[in-house]
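Chemist: predicted model, plus sequence, below.
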Amino acid sequence: MRLGQKHTSSVSEAILKEQRQLRMERLLASPGLIIGLVGFLVILLTAVLIPLFSSVDPNAMVVSERLKPPSGEHFFGTDELGRDLFTRIMYGARVSLWVGGSVAVFSCILGIIFGLYASYFKILDQILMRICDGLIAIPGILLAIALIAALGTSSWNVILALVIVYTPSVARTVRASAMVIREQTYVEAAKVQGFSDFRILWKLILPGVISPLTVQASFIFAQAIISEASLSFLGAGVPAPAASWGNMLQASKQVISKAPWTMIFPGAAVVLCVLSLNLLGDGLRDFMDPRTKGGAKR
């Protein structure tokens, strides 16, 4: 009996070891996932750590230092008010990552709730999905501007507006995945055994929608960063003098011919952050779904 147990244990350990090895091989075979993850972590750690160790005030104006080109004293130069661009970009990264992350989290939470219940109850499906269709029909940036115009400009109102913009697409993704899972045999068996609707939704169906939702969350993160920068550029986002990539780009319009670095560095920060998140999302999609082209090759 003990020999049988030892044999079973050794077989289980071998299977687990092989699975870990396969996951590692798939991870290493996805350069986009690694590059995106490393790039995002570098931006995140830089945004979090550098302001903690720097004594430079991002809003400190030194008129005598205005429009200084990049140098050893000011790595990214200074803006039209003599503020250090490197410091402001790092603080702007905090704003963008906080807004983007908050929008991704809250959109996914609301999207899960609406999508799950819409997939399970026909009455709610008709109500919730028609509301989502109406919101999706409105261009996202116009809807966000209208909401912020009604609520006022602040970082929290930007988050609220973008959550309203992106929640419908999350809800539709969750609903589509949940409707497929709802027809599975184990869900039907749970209904026959008398499982409550709440337990079926949150214990059986929810785990099946996490994979596509994780991928979509990374893309929403990137889209929210672009939307926040766009709103700030238009004057409807994070209000000055708070450092934001969008309002830095807006301010650079006046001096771009004299000081192009005031546009280049904030713009590059937006591009690198969004590119990292998109690569991360593409890599996660291939890693988590072997049916994709990238996953099939592996």
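Modeler: On my side now, so go ahead. Predicted, not measured: the structure shown is a model, and the values here were computed from it.
Chemist: can you pull the contacts of residue 238?
Modeler: Neighbour list for residue 238: 95, 99, 153-155, 158, 228, 232, 244, 246-247 [criterion: CB atoms under 8 Å, 6 or more residues apart in numbering]. Yep, even glycine has a C-beta here, placed from its N, CA and C like the rest.
Chemist: just the residues you listed: which are in helices?
Modeler: Per DSSP state H, helices hold the following members of the contacts of residue 238: 95, 99, 155, 158, 228, 232, 246-247.
Chemist: so residue 243 sits right up against residue 58, yeah?
Modeler: Yes - in this structure, residue 243 is within contact of residue 58 by CB atoms under 8 Å, at 4.7 Å.
Chemist: out of those two, which sits in the busier spot?
Modeler: Remark: of residue 243 and residue 58, residue 243 carries more neighbours, 24 against 20, as counted by other CB atoms under 10 Å.
Chemist: distance check, that one against residue 90.
Modeler: 8 Å (CB to CB, to the nearest Å).
Chemist: SS state for the closest residue to residue 66 other than its chain neighbours?
Modeler: Counting by CB to CB, 6 or more residues apart in numbering, residue 66 lies nearest to residue 82, which is 4.2 Å off, once chain neighbours are set aside. Look at residue 82: counting by DSSP: H, G, I helix; E, B strand; the rest coil, its state is coil.
Chemist: you'd agree residue 174 is up against residue 110?
Modeler: No - applying CB under 8 Å, one finds residue 174 not in contact with residue 110, separated by 10.0 Å.
Chemist: so which of those two has more stuff around it?
Modeler: Higher neighbour count among residue 174 and residue 110: residue 174, with 28 against 18, using other CB under 10 Å.
Chemist: report pLDDT for that one.
Modeler: At residue 174, the model reports a pLDDT of 94.
Chemist: please name the nearest non-neighbouring residue to residue 59.
Modeler: Nearest to residue 59 is residue 241, by CB to CB, 6+ apart, at 4.8 Å.
Chemist: which residues of the protein fall in strands?
Modeler: For the chain, strands defined by DSSP state E do not occur.
Chemist: can you pull the contacts of the most centrally placed residue in it?
Modeler: Closest residue to the average C-alpha location of the chain: residue 221 at 1.8 Å, with CA atoms, centre = their mean. With contact set as CB under 8 Å, 6+ apart, residue 221 has these partners: 100-101, 103-104, 277.
Chemist: give me that answer again for 10 Å
Modeler: Counting by CB atoms under 10 Å, 6 or more residues apart in numbering, residue 221 makes contact with 40, 96-97, 99-105, 107, 166, 273-274, 277-278, 280-281.
Chemist: so how far is residue 166 from it?
Modeler: 10 Å.
Chemist: shared neighbours of those two, which are they?
Modeler: 103-104, 107.
Chemist: any idea how far residue 198 is from the residue nearest to the centre of the chain?
Modeler: Taken as CB to CB, the span from residue 221 to residue 198 is 29 Å.
Chemist: same check, this time on residue 47
Modeler: In terms of CB to CB, residue 47 sits 39 Å off from residue 198.
Chemist: these two: which has the busier surroundings?
Modeler: The residue with more neighbours, out of residue 47 and residue 198, is residue 47; 21 against 8, by other CB under 10 Å.
Chemist: my guess is residue 143 contacts residue 162, does it?
Modeler: Yes - assessed by CB atoms under 10 Å, residue 143 is found in contact with residue 162 at 9.4 Å.
Chemist: between the two, which has more neighbouring residues?
Modeler: Neighbour count, other CB under 10 Å: between residue 143 and residue 162, residue 162 has more, with 31 against 17.
Chemist: test my guess that the more buried one contacts residue 220.
Modeler: Yes - with contact defined as CB under 10 Å, residue 162 counts as touching residue 220 (8.8 Å).
Chemist: what touches both of the two?
Modeler: 100, 103-104, 107, 227.
Chemist: counting neighbours, which of those comes out on top?
Modeler: residue 103 (28 neighbours).
Chemist: my guess is it contacts residue 165, does it?
Modeler: Yes - assessed by CB under 10 Å, residue 103 is found in contact with residue 165 at 8.4 Å.
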